[in-house]
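Peer 1: sequence unavailable; structure follows:
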């Protein structure tokens, strides 16, 4: 089965549809599938729901889809540095389902593993627990969270081979593996596609069985918050 495509738009051809649920990897601007997000913007797909830790910044990451009003709902952990995300949420233009980060990651992983739901103590006694099933185990109260199964997963990795085995670089791994796992179709963008057999099996972070389509591209790697110290003697 062909997995390597020449561009993000080609890899998404026939996959996108209005109203779909998309799981997107990344944390802030670290490890975000920026080429695939741009292709979704260019395709004009609308009424989208994104399961993603956050929405990037105003003009990068999922933020570019908020600007064009292509996103209907976010399933996220925090608003982050995105002023437009905050504005749309507070004005009632955008639906938002807040999830603690660990819960969101586990919901994605559970969906990818065929687990429909799980119990967690995180969020008990807060607005997170409203409307959810409560159950007691060993004298402690837990709430049930549903696994996420997305119509499409889009992720960013460092290296891949032609079968889609993925290697992530350091903290850019973040939400990418669970996001990839939970999609009925997973499209990955990478910095380098290497020859089959050149990846050490012990270094593969996500097996290619989860990856259906693959592209190689050039990435901007923008820094969300640049922090530097003064030069000595300045």
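Peer 2: Cool, the structure landed. Owing to the predicted nature of the structure, the values given are computational and were not obtained by experimental measurement.

Peer 1: for the longest helix along the chain, packing partners?
Peer 2: In terms of residue count, the longest helix belonging to the chain (DSSP state H) is helix 101-112. Here helix 101-112 touches strand 48-51, strand 117-120, strand 140-146, helix 176-181, going by 3 or more CB pairs under 8 Å, 6 or more residues apart in numbering; DSSP states H and E. To be clear about C-beta, it is placed using only N, CA and C from the backbone, and glycine gets the same treatment.

Peer 1: tell me the contacts of residue 166?
Peer 2: Neighbouring residues of residue 166 by CB atoms under 8 Å, 6 or more residues apart in numbering: 155, 157, 159-160, 176-177, 180, 188, 190, 204-206, 208, 211.

Peer 1: before we move on, the earlier item: which other residues reach the longest helix of the chain?
Peer 2: Helix 101-112 is contacted from outside by 23, 51, 53, 75-77, 99, 116-118, 120, 122-123, 128, 145-150, 175, 177-183, 210, using CB under 8 Å, 6+ apart.

Peer 1: before we move on, the earlier item: which of the contacts of residue 166 fall in helices?
Peer 2: Reading helices off those with DSSP H, I get 176-177, 180.

Peer 1: any stretches of the chain with poor pLDDT?
Peer 2: For the chain, applying pLDDT under 70 flags the ranges 233-234.

Peer 1: follow-up on the earlier one: closest to residue 81 out of the contacts of residue 166?
Peer 2: residue 176 (19.7 Å; CB to CB).

Peer 1: contact partners for that closest one?
Peer 2: 25-26, 31, 155-157, 166, 168, 206.

Peer 1: on that earlier part again, tell me the most buried of the helices and strands packed on helix 101-112?
Peer 2: helix 176-181 (a mean of 27; mean count of other CB atoms under 10 Å).

Peer 1: which of the contacts of residue 166 has the most neighbours?
Peer 2: Greatest neighbour count in those, by other CB atoms under 10 Å, goes to residue 155: 31 neighbours.

Peer 1: mind checking how far the nearest residue to it once chain neighbours are set aside is from residue 197?
Peer 2: Spatial nearest neighbour of residue 155, excluding adjacent residues (CB to CB, 6 or more residues apart in numbering): residue 25 at 3.9 Å. Distance, residue 25 to residue 197, by CB to CB, to the nearest Å: 26 Å.

Peer 1: and these two? Which one has more around it.
Peer 2: Neighbours per residue, other CB under 10 Å: of residue 25 and residue 197, the larger number sits with residue 25, 30 against 9.

Peer 1: can you show me the strands along this structure?
Peer 2: 21-24, 48-51, 71-76, 95-98, 117-120, 134-137, 140-146, 150-161, 166-167, 183-194, 213-216 (DSSP state E).
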